[in-house]
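Trainee: Sequence and predicted model, in that order:
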Amino acid sequence: MNALLAPFALIGRQTLALLSMVGRFAIFFAQTLSHMLRPPFYGREFLTAIFNIGWLSLPVVGMTAIFTGGALALQIYDGSSRFSVESVVPQIVAIGMVRELGPVLVGLMVAARVTSSIAAEIATMKVTEQIDALTTLSTDPLKYLVVPRFIAAILVVPVLVGIGDIIGIYGGFAVATEQLGFNPATYIRNTVDFLQFNDILSSLVKGAAFGGIAALMGCYFGMHSGRGAQGVGQATKGSVQAAAVLILAANFLLTSLFFAT
């Protein structure tokens, strides 16, 4: 009987552990929001987070976007040529990059680079008792470590998404005009005429949401990491996994919100 019940007991333990983590994260998120509204505000930490999340992410965002835009143009041209509608390449590249690929890829790149970095940094501070030292010095670790990174990510990642959208569209433009024979002026005019304000707004809103998720996951797993090098490694791995899954889930919800008919 015990052998038969063991799988159900395991499922129950895993479910309770998941619900417990969701509850802890909800409390962590609420505390972060409440600390955003109360002084003091650590400007130096905020500016450092802006630099680390924004400026240092530009190379990987740019490379990802330009190759994605070029590959998207080739794929769409090949597919549309089967129906003799090759002229739709500029429009589909633009809407594909702005609505979906731009924000999602930037969000995942930020999760891979920034979330892991934040989690490893804060987990290491916890292991070396630097967080305890902050508390001893009457400095709230949540306000000093989490709030500046969270606000910086919300503000900076939409800018990265906008830059990624532009670079991705340019990648498609370069491939279409140099390799597929499109007229440059016609390509640009079709792209500009087809995009709507709602497309751009959805891209920037997604960027803010994905940035907040990426920063929060890194901070949460770092603050709740285990002791030792193994704890730091598990926190880093868990933060990236959670951020990636939540970014994809949030993308579905926001797409439904903006474009559901």
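Mentor: Yep, it's here.

Trainee: Give me the residue ranges of this structure where confidence is low.
Mentor: Applying pLDDT under 70 to the chain flags the ranges 1-3, 5, 261.

Trainee: middle-most residue in it, spatially?
Mentor: With distances taken as CA atoms, centre = their mean, the residue of the chain nearest its centroid is G107 (2.5 Å).

Trainee: correct me, but E121 touches G222?
Mentor: Yes: contact between E121 and G222 holds when scored by CB atoms under 8 Å: they sit 6.8 Å apart. In short, each C-beta sits where N, CA and C put it, glycine included.

Trainee: re earlier: quick one: contacts for the residue nearest to the centre of the chain?
Mentor: By CB atoms under 8 Å, 6 or more residues apart in numbering, the residues touching G107 are V157, V161, K206, G207, F210, G211, I213, A214, I247, N251.

Trainee: Mind putting those residues into TSV with neighbour count and secondary structure?
Mentor: Below are the contacts of G107 laid out as TSV (neighbours: other CB atoms under 10 Å; DSSP: H, G, I helix; E, B strand; the rest coil):
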residue	neighbour count	secondary structure
V157	32	helix
V161	29	helix
K206	26	helix
G207	28	helix
F210	30	helix
G211	32	helix
I213	25	helix
A214	35	helix
I247	24	helix
N251	19	helix
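
Trainee: show me where the stretch 151-261 of the chain has helices.
Mentor: For the stretch 151-261 of the chain, the helices defined by DSSP state H, counting those that start in this stretch occupy 184-194, 197-223, 228-259.

Trainee: which helix is the longest one in this protein?
Mentor: helix 2-36 (DSSP state H).

Trainee: what packs against it?
Mentor: helix 147-178, helix 197-223 (3 or more CB pairs under 8 Å, 6 or more residues apart in numbering; DSSP states H and E).

Trainee: and the angle from that helix to helix 228-259?
Mentor: 70 degrees (axes from the mean of the first three to the mean of the last three CA atoms, to 10 degrees).

Trainee: Determine the set of other helices and strands touching the helix or strand following helix 2-36.
Mentor: As assigned by DSSP states H and E, the chain's next helix or strand after helix 2-36 is helix 43-53. Contact here means 3+ CB pairs under 8 Å, 6+ apart; on that basis helix 43-53 packs against helix 147-178.

Trainee: how much space is there between G172 and I154?
Mentor: To I154, G172 is 28 Å away according to CB to CB, to the nearest Å.

Trainee: For those two, indicate the residue with more neighbours.
Mentor: G172 (30 against 21; other CB atoms under 10 Å).

Trainee: on that earlier part again, now, among the contacts of G107, which is nearest to F258?
Mentor: Nearest to F258, judged by CB to CB, of the contacts of G107 is K206 at 8.7 Å.

Trainee: wait, what's in contact with that closest one?
Mentor: Taking CB under 8 Å, 6+ apart as the criterion, K206 is in contact with P103, V104, G107, V161, A250, N251, L254.

Trainee: With P40 instead?
Mentor: By CB under 8 Å, 6+ apart, the neighbours of P40 are K143.

Trainee: Backbone dihedrals for it, please?
Mentor: phi -80, psi 170 (degrees, to the nearest 10).

Trainee: How much space separates it from N52?
Mentor: Remark: distance between P40 and N52 (CB to CB) = 21 Å.

Trainee: same thing with L72?
Mentor: Distance, L72 to N52, using CB to CB: 29 Å.
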